[in-house]
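S.K.: What follows is a predicted protein model with its sequence.
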Amino acid sequence: MRLSRYYVPTLKEDPAEAEVVSHKLLMRAGMIRKLTSGIYTYLPLGLRALNKVAGILREEMNRAGAVEILMPSVQPGDLWKETGRWDFYGKELLRIKDRHDRDYCLGPTHEEVVTDLVRGEIKSYKQLPINLYQIQTKFRDEIRPRFGLMRGREFVMKDAYSFDKDEAGAEASYRAMFEAYTKAFQRLGLKFRAVQADSGAIGGDFSHEFMVLAATGEDTIAVCRDAKCGFAANLEKAKVNKPAGDCACAAACPALETVSTPGTHTVEEVCAFLRIEPKALIKTLLFDADGKAVAALVRGDRQLNEVKFKNLLKCNDLKLADEAQVRAWTGAPVGFAGPVGLKVEGVYADHELCCATDWVAGANAADAHVKHLSLGRDAKVAAFADLRVIEPTDPCPECGGPIDFTKGIEVGHVFKLGLKYSKAMQTTFLDENGKEQLMIMGCYGIGVSRIVASAIEQNNDDKGPIFPPSIAPFEVSLLSLGAKEPEVLDKAAELYEELRGMGVDVLYDDRDERPGVKFNDADLMGFPMQLVLGGKGLKAGIIEAKDRKTGERKELPLAGFGEAFAAWRKEIWRSWGLE
Ligand code: ATP
Ligand code: MG
């Protein structure tokens, strides 16, 4: 492509509303434009990057045996009512009505549609397993669309759905997708980790998120420092083992004593007033779990992990108690809840609380706390369980070694669905014995447009993005300097044709612009390789080759250019860990 005939509307300044680097650079490099909140047009360069990502995903999905289809973005509300998600999904589901006043929605995901397709078509175990995928535009009316392509309302997703006849098959389908994702993210040239994620009601090791590692990521992940151990988990999933040592619930403890703690509402205030460490205190958190009153106890210096608590209770909806509920259940204003005499249906404690005694906690009375609390003697704990958020100082739950916290951007998710949709939508097949069985499903999503943004979050400098060669809109920027020298232009045009002949994606900057403008634009577009031809070089029989990532320059001979370029190109791909 010749830049003089192309459409790359670069910007000099960062757009005011762009908060993260990928958003700024996608706008400045003329790759996307905002239509309205969270909704973008892909300009030629942005579209090329998006298509390259999609191409790699398509190849890896096909290789793994998944079959491509394309489902509609407008979906009938009736299907969503069948699974109950019409009521459950909330405001992210954009609902619309047609002229006959019938309910529709814009698809935020396609479990209903694909399940409806399969139940109408697949009847026998002989047709299973099957994995159907698509690369398609989703709509989610996100509460806070932001960061450009990172969290849009309209975005491109690759979503796949597997249907199996038995558990072993479903597990094999899951593993196949896990491996296809690993291969795909390697080919995309990104530093990533597959991390354990919450799998809700399904349980087990059947949900992984693929995270692109970048300081600006919205997710925090816990990673074992020992690569051999390999433990990596989303914070909401990371388990915390029970500390070693015997149960101390029944250990000797002075008699319970109520003390006055006027005006102390927070852990800090209570600890300052009583001159104790937060770890000597029990924090009591009250929740409404599907209409039932429950309490969670964690040490004063810990955070409750609500996902773990929700999974323990097996409830659908877990809400912090409101002020009226707190008053009704504790008989006190907010800030004085404690496990002694609490009027709730169940008190659940983090398992580390069972390894010590003599606690301080709220007294369920205004301006009062209790001292010398023994959970075994003074309270009724329904269960001790892993309930808190892991901390960077905790040992690895798998090998006991040190862990680190790092930031990641969720770019993919593989998830075992089990029977959730096949049951709700009666998706059955006849097994080998002619017996009707429900299909076992899995779903596998990748944020195609989010990957383009993540690649930039991970690779950029003050001049612009630096694309991995496999997903760069073009692999090479070819610049001709000295617009007034026809022999330079002729030679550059010749090289341009030669590169195209070699199957290289090259953007030739043939504009009548100053060298400085061309250099800046080439850096701003961020293709991994730059070739610069000037009058001096032409005379000396060389062209300058610059590695956009390292800034390293070398000279390639014009005589035998093709071979020299091919060798350099190989070097650049290898430096990205790519072949
Ligand atoms: P998040 O927690 O970031 O909202 P999610 O759990 O809702 O993601 P999934 O439903 O698993 O996401 O969707 C599959 C993939 O689609 C995600 O891994 C992510 O890469 C991408 N994705 C989800 N929401 C958006 C969005 N608003 N904009 C761009 N990509 C998105
Ligand atoms: Mg979401």
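M.R.: It's in. Ligands and ions are numbered 1, 2, ... in the order given.
S.K.: what does this structure put close to ligand 1?
M.R.: 109, 140, 142, 151-152, 155, 157, 410-413, 445, 447, 449-450 (C-beta under 6 Å from any ligand atom). Glycine gets a C-beta too; all of them are placed from N, C-alpha and C.
S.K.: Just those residues: which are in helices?
M.R.: Among the residues of the chain next to ligand 1, the members found in helices (DSSP state H) are Ser449, Arg450.
S.K.: quick one: which two of the residues of the chain next to ligand 1 are the most distant?
M.R.: Glu142 and Gly412 (18.2 Å; C-beta to C-beta).
S.K.: Mind checking which of those two has more residues around it?
M.R.: Comparing Glu142 with Gly412 by neighbour count (other C-beta atoms under 10 Å), the higher total belongs to Gly412, at 27 against 17.
S.K.: before we move on, back to that, from the residues of the chain next to ligand 1, which is closest to Gly230?
M.R.: Among those, and counting by C-beta to C-beta, the member closest to Gly230 is Gly412, at 17.9 Å.
S.K.: The residue in the chain positioned nearest to ligand 1 - how many residues pack around it?
M.R.: Closest approach between the chain and ligand 1, counting by C-beta to the nearest ligand atom: Gly447, at 2.3 Å. When counting by other C-beta under 10 Å, one arrives at 26 neighbours for Gly447.
S.K.: which residues of the stretch 301-450 of the chain fall in strands?
M.R.: In the stretch 301-450 of the chain, the segments counted as strands under DSSP state E, counting those that start in this stretch are 318-320, 346-350, 359-362, 368-373, 383-385, 403-418, 428-430, 436-438, 440-447.
S.K.: Tell me which of these sits nearest to Thr284.
M.R.: Taking C-beta to C-beta, strand 359-362 is the member of the strands of the stretch 301-450 of the chain nearest to Thr284, at 5.7 Å.
S.K.: so what's the residue of the chain closest to ligand 1 closest to, chain neighbours aside?
M.R.: Residue nearest to Gly447 in three dimensions, not counting chain neighbours: Val411, with 5.4 Å by C-beta to C-beta, 6 or more residues apart in numbering.
S.K.: ok, that neighbour - contacts?
M.R.: When contacts are counted by C-beta atoms under 8 Å, 6 or more residues apart in numbering, Val411 touches Phe185, Leu190, Phe192, Phe210, Met211, Val212, Ile446, Gly447, Arg450, Ile451, Ser454.
S.K.: Mind giving me the ChimeraX command for buried ones among those residues?
M.R.: Only the buried entries of these go into this ChimeraX selection, using 16 or more other C-beta atoms under 10 Å:
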select :185,190,192,210,211,212,446,447,450,451,454
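S.K.: Just send the contacts of Val411 back as a markdown table, with pLDDT too.
M.R.: Formatted as a markdown table, the contacts of Val411 follow (pLDDT from 0 to 100):
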| residue | pLDDT |
| --- | --- |
| Phe185 | 98 |
| Leu190 | 96 |
| Phe192 | 96 |
| Phe210 | 97 |
| Met211 | 97 |
| Val212 | 95 |
| Ile446 | 98 |
| Gly447 | 98 |
| Arg450 | 98 |
| Ile451 | 98 |
| Ser454 | 98 |
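S.K.: wait, which of the contacts of Val411 is closest to Val53?
M.R.: Closest to Val53, out of all of these and judged by C-beta to C-beta, is Ile451, at 5.0 Å.
S.K.: Might one say that that closest one is in contact with Phe192?
M.R.: No: judged on C-beta atoms under 8 Å, Ile451 makes no contact with Phe192 at a distance of 10.0 Å.
S.K.: Return every residue with contacts to both of the two.
M.R.: Counting by C-beta under 8 Å, 6+ apart, the common neighbours of Ile451 and Phe192 are Val212, Val411.
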